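# structure here, sequence nowhere to be found:
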């Protein structure tokens, strides 16, 4: 599963990305983290980025795409990934499309979290006021003034991506102003509708079917030796039958002989008695 989350600052992209990571076992790829990791690893692309950043320049798109290319080849990204912070512009989106095409991969979904900007500003203002009341330190980049600038940047640079992905029928828009859990459920339903994930029932049935096939194969394999075992048994039956017949014949012969002997003895005895009687007379 390969996903892009779009939305202005404060729309909840980070929260939803973490939930997707935990639920589907995919990785979240942040361009900032990938750049730092590539520089630390000393990869060719990382060394190139290091030189540019050392001069205070912005890392060009081709270098960022090269770092993303190296990262998605790693084993933990095989199940899928969420791109965080890239693409930010249409040229970056085009470069990403070319990269995925070259690797024979496809982008499954682009989820836009649509929010009300004035509501976002109100949220930040409320949060900042509460933090100041509690005496907590407020981050420099977490103020209504900074958010206003970031929202303007998002509108000018990133919003054109909505049209870009909409034309390619990749865009799904979700109301980011809903409760966090509701947004999570809406994203899951959309991924199901797009076929990016399988329904639980389908996954279970496929697992059960696979297990059933294995069981049938094992049963067939177990039956084969049994059949072959029967053949020698049949072979052993023939000599056994012959032996039984032979013993029966010999028994009959012995019985006949014994009977004949008994008759002869009886006749002899009777003859002797007759001759004795005659002699007495």
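Now that the structure is in, tell me what you want to look at. What you see is a predicted model; the values in this text were computed from it and never measured. Numbers count the residues shown, from 1 in each chain.
# give the contact list for residue 146.
By C-beta atoms under 8 Å, 6 or more residues apart in numbering, residue 146 lies in contact with residue 140. No exception for glycine: its C-beta is placed from N, CA and C like everyone else's.
# and the gap between it and residue 131?
Distance of residue 146 to residue 131, computed by C-beta to C-beta, to the nearest Å: 14 Å.
# wait, a helix at residue 112?
No. Assessed with DSSP: H, G, I helix; E, B strand; the rest coil, residue 112 is strand; it does not lie in a helix.
# run a quick neighbour tally on it.
Residue 112 is flanked by 22 other residues according to other C-beta atoms under 10 Å.
# contacting residues around it?
Contact partners of residue 112, counting by C-beta under 8 Å, 6+ apart, are 6-7, 162, 171-174.
# before we move on, what about residue 133?
Counting by C-beta under 8 Å, 6+ apart, residue 133 touches no other residue.
# got it, and residue 124?
Contacts for residue 124 (C-beta under 8 Å, 6+ apart) come out as 10, 142-144, 147.
# could you pull out the helices in the chain for me?
Along the chain, the stretches classed as helices by DSSP state H are 13-24, 31-41, 44-54, 61-72, 90-102, 117-133, 144-153, 160-167, 180-194, 200-280.
# where among those helices is average confidence lowest?
Of all these, the minimum mean pLDDT falls on helix 200-280 (a mean of 55).
# how much space between residue 59 and residue 45?
Computed as C-beta to C-beta, the residue 59 to residue 45 distance reads 10 Å.
# my bad, should have said residue 85
17 Å.
# what of residue 14?
Computed as C-beta to C-beta, the residue 14 to residue 45 distance reads 25 Å.
# of the contacts of residue 124, buried ones?
Neighbour-count burial within the contacts of residue 124 applies to 10, 147; the criterion is 16 or more other C-beta atoms under 10 Å.
# let's have the contacts of residue 124 in JSON lines, adding distance to residue 105.
As requested, these are exported to JSON lines (distance: C-beta to C-beta, whole Å):
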{"residue": "10", "distance to residue 105": "30"}
{"residue": "142", "distance to residue 105": "36"}
{"residue": "143", "distance to residue 105": "39"}
{"residue": "144", "distance to residue 105": "40"}
{"residue": "147", "distance to residue 105": "34"}
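# report the two of the contacts of residue 124 separated the most.
Across these, the longest distance by C-beta to C-beta is 11.8 Å; it joins 10 and 143.
# in the chain, which residue is closest to the centre?
Closest to where the C-alpha atoms of the chain average out (C-alpha atoms, centre = their mean) is residue 79, at 7.7 Å.
# wait, what's in contact with that residue?
The contact partners of residue 79, taken as C-beta under 8 Å, 6+ apart, are 1, 24-27.
# let's go with 7 Å and repeat that
Listed by C-beta atoms under 7 Å, 6 or more residues apart in numbering, the contact set of residue 79 reads 25-26.
# for residue 46, see how far away it is.
Distance check for residue 79 against residue 46: by C-beta to C-beta, it reads 24 Å.
# what of residue 189?
39 Å.
# neighbour count: the two, which is higher?
Taking neighbours as other C-beta under 10 Å, residue 189 and residue 46 compare with residue 46 leading, 20 against 12.
# the more buried one contacts residue 36, correct?
No. Taking contacts as C-beta atoms under 7 Å, residue 46 lies outside contact range of residue 36: 8.9 Å.
# distance check, the spatially closest residue to residue 120 that is not a sequence neighbour against residue 79.
Nearest non-adjacent residue to residue 120, counting by C-beta to C-beta, 6 or more residues apart in numbering: residue 10, 4.5 Å away. According to C-beta to C-beta, residue 10 and residue 79 sit 29 Å apart.
# same question for residue 187.
In this view, residue 187 and residue 79 are 17 Å apart by C-beta to C-beta.
# looking at residue 85 and residue 45, which is more packed in?
Neighbour tally, residue 85 and residue 45, criterion other C-beta under 10 Å: the higher count belongs to residue 45, 23 against 15.
# what number of residues lie near the residue nearest to residue 13 when sequence neighbours are not counted?
The spatially closest residue to residue 13, leaving aside those adjacent along the chain, is residue 5, at 4.6 Å (C-beta to C-beta, 6+ apart). As a burial measure, residue 5 scores 23 neighbours (other C-beta under 10 Å).
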